[in-house]
Structures are given as structure tokens and as C-alpha cells.
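S.K.: Just the structure for this:
(one chain, ligands or ions: 2)
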Amino acid sequence: MNSLSVRVATGIAVAAFVGALTSARLESQQRPLLSDQVFKNVQALKGIPVDEFLGTMGIMAASLQFDCSDCHVNAGTANVDWAADTPRKITARRMVNMVAAINQNNFGGRQLVTCWTCHRNRDKPLMTPIIATIYGTPTIEPDDVVTQFPGADSPESILDRYIQASGGTQRLAGLTSISARGTAVSFGGFGGGGTVELIAKAPDKRSTMILFKAETNRGDQIRAYDGTTGWVRTPLNVVGEFQLLGSDLDGARVDAQLSFPGQIKSILTNWKSGPPTTITDLPAPTSQATVLQGAIGNQSHVVDVVQGTGPRGLLVTLYFDQQTGLLLRELRFGLSPIGRVPTQIDFADYRDVNGIKLPFRITYAWLDGRDAIVLDDIRTNVPVDETKFGRPAPLQPR
Ligand code: HEC
Ligand code: HEC
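M.R.: Numbers count the residues shown, from 1 in each chain. Ligands and ions are numbered 1, 2, ... in the order given. Below you'll find the predicted structure:
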């Protein structure tokens, strides 16, 4: 503002003024917008990045086992009206403020109570202990935060074993790029399979592009990170394409860095190892199973558990197969005003590519959906198109 008015005051260069205005406008177009600038009727969750806002919607839907359409008029159709208030939406907004007050008044502002704390997958929270549950088989529900377990191998030794299993320090140091192709199914198989192009460049660039067939008319699914900025384009989504600005940006960086395992020890800090446990491959939805036979796992593995922290409160838990030493799962938690937002990436079907073990099956699951990716060709150290790590190119009619 100041520099603008100074320039106006000189009164000589109208052209310069117009130029300044245009660049100011351009700048504001390029600056990522916050929730209440992008959406029309945001009252409780103002001033947060779009990725974080959509994360809160995921938490709400997951906590109550709702679809978007349980709170939003016509969600899932072309006539959706996200801004319109429904009775449930109004209740949910009240609960956002309630949760903030509970945490403020009882836990010194620490975010210990979230929608999940009470709701746990149901619209009306349970009130009374159920005898059958108390004496039944317990399900494993690990804490988000791992504390060092006395009997566990040290984080360093688990990470070293992984580096060794992946190909060893020397070979991994020579890994400069990855370029892969395959197929994917997303969102419960809607629209059939897409073709996948996955590229990565050391140390921290990665882009996963799922291109759906033109006749499905659903647009592409792209996650790109260029070492500094991150972008997501999601088909059938509220905002279509948005720049990552919240903790999804830090998560995207970790995803990219994990493509190059040799550097794993330096990408996070404050490493801890928890008690070894058993994890089961995320089952693919049945609609995916019919399209992508190879994508279903459901196998159990005994794993070593290691957690590190990243910038801005990012928590990343890594699960390493005790048998092979390889990374089977990355579970990362971003932050939002109503609780942590989990993203889980499962890796399977490791094969040798020029002396380095790389996963040919990747399941990327977040609160609002999942992509099951099966790669059939991975090349290492080939040139990759660097523009594909930046903002996704405009959609081409295909
Ligand atoms: C439990 C109810 C609930 C569910 C389920 C839910 N939302 Fe929301 N949604 C809300 C509330 C409450 C707001 C308003 C938040 C505020 O006022 O800060 C909102 C606002 C929005 C907005 C902003 C609309 C505007 O223009 O003001 C969008 C977009 C949105 N939700 C998308 C989604 C999507 C996508 C899903 C499914 C993944 C979803 N929501 C699921 C309760 C819900
Ligand atoms: C301290 C416990 C608690 C927490 C935390 C909590 N809720 Fe609730 N919520 C309830 C209870 C209890 C009800 C049922 C109220 C009733 O039946 O009148 C409810 C009902 C609801 C309903 C109405 C469901 C229906 O039947 O249509 C919505 C929507 C809702 N909560 C959203 C949320 C969201 C979103 C959050 C997190 C921001 C949240 N709640 C956090 C206890 C909680």
C-alpha cells in the first residue's frame, strides 16, 4: 500500500501505476488463499490454508462416519451447495467451538480432545461401557505419539537396517532420479483405472500424476512437490486444484525425501522407536479389487516402529518389516484446529531395480479417499521433466 501511494503521489507515471497495480493483483492471485477467502460461509475455521481446511472436513466425516453429503446439500452431485447451512453443519460448527473451549478450559490449550475422542466412527457418541467390548478381543489403537520403548532396537539401528536392505549407503548415494509408470484406482474405483506417472529427483522433488481416461470426465489427480512448493489437483473435488500451505506441505516434502532412502536419517529429528507391532496391509475397497487384482494385500507383518518429527509439529511414524528391513508404511500427521490429520502411505511388492529395492505397489490413503497404485516399470537415474514438479499444467482436453 505504502509504496503504491508514494508512486501515485509523484503523479508522473500513470503507466508505472497501472503496472504496479497489475503486479499487486498478480501477486495476490499467486499468494495461496486462506479458508475464508476461498469459501463463502466459513465462521469457525477461518484463516487456515485450504489443505488444512479440507483436512478438518476429513476429520469430521471420519469421526462421525459421515459422507460429505450428510452435512452438505447435494454433495457428490453437480448441484452441491457447500456454503448452505444444514442442521448438522450448524451442530458441527458448534462442536468445533465446543472442542476448542474444552481444550482451552481443561488442558491448557493442548489439543487433547477432538471429534474422534467422543464420536469414534458414530454420529451419536457411546455413553456406557459395553461388557462385551471390555471382555472381547482388544483392537490395536496406537497413540499418535511414540515414546521410546526400552526394549526396542534403537531408531538408528532400524534405519541403518533399512538403508542396508534398500541397497546400501553407496548405491543409494548414487540414486538421483526415479521415473515410473503404472495404473491406479482411486475413490472406490469410480471412473475405472487411471494411468500413473511417478517421478522423483534427489533430494526432495516428487510428483505423482494419475491421469484418468477422458471419457470419465473426471480430471486428473496430481500431487506435486518441487522442493519448495506443493500442489494438489483432485478430481471431483471442491476446489479442484490448490497449493499446499499447511502441514500437508511438510508432509509432501517428507514423501519426496523418502523416495531417496539414503538420506532418511537427516530428514526428521527427535527419532524414537516404539514397541514392535503387527500391521496389516490396507485392504482395497472391493470396487478396487475388481479393477486392480494386484492392489489388494491384507497380509500381516511384524514391524519395527520408528517416529520422527518435522517442522511445525509434523509427526511421521515409519513401519519397517522385521523380516526384510524394508519400509512398509509411512503414517504422517499434519495439524488442524480440530485435531491431527493422518495420511498413510503403504509400500509393498519391493523389487530390485539396478541394485536398489523399490516398491511397485503404493497405497496412498487420506481421510477423504485413497489411491491404489501398481507400478509396472520403474527406471532409475534417467532424466525427468522438472516442470512436472511445479504447479500442474492446465488440463488439456484429451
Ligand atoms: C459433520 C458435518 C460435516 C461433514 C461430514 C463435512 N462438512 Fe464441510 N463443513 C462443515 C461445517 C461446520 C462447515 C463450516 C465451517 C465453518 O463455519 O468454519 C463446512 C464447510 C465446508 C466448506 C466451505 C463451504 C463454503 O463455501 O463456505 C466446504 C468446501 C466443505 N465443508 C467441504 C466438505 C467436504 C469435501 C466434505 C467431505 C469430505 C465435508 N465438507 C464434510 C461440516 C461438515
Ligand atoms: C465431548 C464429546 C464430543 C466431542 C469432542 C464432539 N462431539 Fe459431536 N456430539 C457429541 C454428543 C454427545 C452428540 C449427540 C448430541 C445429541 O444427541 O443431542 C454429538 C452430536 C454431533 C452431531 C450431530 C449428529 C447427528 O445425530 O446428526 C454432529 C454433526 C457432531 N456432533 C459433530 C461433531 C464434530 C464435527 C466434532 C469435532 C469438532 C464433535 N462433534 C466433537 C459429543 C461430542
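S.K.: quick one, phi/psi of the closest residue to residue 151 other than its chain neighbours?
M.R.: Excluding its sequence neighbours, the residue lying closest to residue 151 (Cβ to Cβ, 6 or more residues apart in numbering) is residue 275, at 6.9 Å. For glycine as for every other residue, the C-beta is placed from the backbone atoms N, C-alpha and C. The phi/psi pair for residue 275 (degrees, to the nearest 10) reads phi -70, psi 140.
S.K.: Give the burial count for residue 275, as a bare number.
M.R.: 13 (other Cβ atoms under 10 Å).
S.K.: again with residue 278
M.R.: Neighbour number of residue 278 under other Cβ under 10 Å is 11.
S.K.: Now do stretch 120-131: everything it contacts.
M.R.: 62-66, 118-119 (Cβ atoms under 8 Å, 6 or more residues apart in numbering).
S.K.: Can you give me every residue that contacts the residue nearest to residue 151?
M.R.: 149, 151-152, 305.
S.K.: now the residue nearest to the spatial centre of the chain: how far from ligand 1?
M.R.: Nearest to the geometric centre of the chain sits residue 343, at 4.5 Å (Cα atoms, centre = their mean). Distance, residue 343 to ligand 1, by Cβ to the nearest ligand atom, to the nearest Å: 14 Å.
S.K.: swap in residue 277?
M.R.: With Cβ to the nearest ligand atom as the criterion, residue 277 and ligand 1 are 29 Å apart.
S.K.: My reading is that that residue is in a strand; is that accurate?
M.R.: Yes - assessed with DSSP: H, G, I helix; E, B strand; the rest coil, residue 277 lies in a strand.
S.K.: hmm, back to that, now the contacts of stretch 120-131: which count as buried?
M.R.: Buried subset of the contacts of stretch 120-131 (neighbour count, 16 or more other Cβ atoms under 10 Å): 62-64, 66, 118-119.
S.K.: Grab the two from those that are most spread out in space.
M.R.: 66 and 118 (14.3 Å; Cβ to Cβ).
S.K.: Including distance to residue 174, pLDDT and secondary structure, could the contacts of stretch 120-131 go into JSON lines?
M.R.: JSON lines is the format used below for the contacts of stretch 120-131 (distance: Cβ to Cβ, whole Å; pLDDT from 0 to 100; DSSP: H, G, I helix; E, B strand; the rest coil):
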{"residue": "62", "distance to residue 174": "41", "pLDDT": "96", "secondary structure": "helix"}
{"residue": "63", "distance to residue 174": "45", "pLDDT": "97", "secondary structure": "helix"}
{"residue": "64", "distance to residue 174": "49", "pLDDT": "97", "secondary structure": "helix"}
{"residue": "65", "distance to residue 174": "47", "pLDDT": "96", "secondary structure": "coil"}
{"residue": "66", "distance to residue 174": "48", "pLDDT": "96", "secondary structure": "coil"}
{"residue": "118", "distance to residue 174": "51", "pLDDT": "98", "secondary structure": "helix"}
{"residue": "119", "distance to residue 174": "49", "pLDDT": "98", "secondary structure": "helix"}
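S.K.: Looking at these, point me to the pair that's furthest apart.
M.R.: Top of the distance list for the contacts of stretch 120-131 (Cβ to Cβ): 66 and 118, 14.3 Å.
S.K.: tell me the SS of the residue of the stretch 201-350 of the chain found nearest ligand 2?
M.R.: Residue of the stretch 201-350 of the chain nearest ligand 2, by Cβ to the nearest ligand atom: residue 338 (4.5 Å). When classified by three-state DSSP, residue 338 comes out as coil.
S.K.: Now do the contacts for the residue of the stretch 201-350 of the chain found nearest ligand 1.
M.R.: Residue nearest to ligand 1 within the stretch 201-350 of the chain: residue 238 (4.1 Å; Cβ to the nearest ligand atom). Residues in contact with residue 238 (Cβ under 8 Å, 6+ apart) are 54, 82.
S.K.: Looks to me like it is in a strand.
M.R.: No - remark: residue 238 does not belong to a strand; assigned using three-state DSSP, it is coil.
S.K.: in the longest helix seen in the chain, what counts as buried?
M.R.: For the chain, the helix that runs over the most residues, judged by DSSP state H, is helix 87-106. For helix 87-106, a neighbour-count test (16+ other Cβ under 10 Å) marks 89, 92-93, 95-96, 99-100, 102-103 as buried.
S.K.: Which single one of these is nearest to residue 48?
M.R.: Closest to residue 48, out of all of these and judged by Cβ to Cβ, is residue 96, at 11.6 Å.
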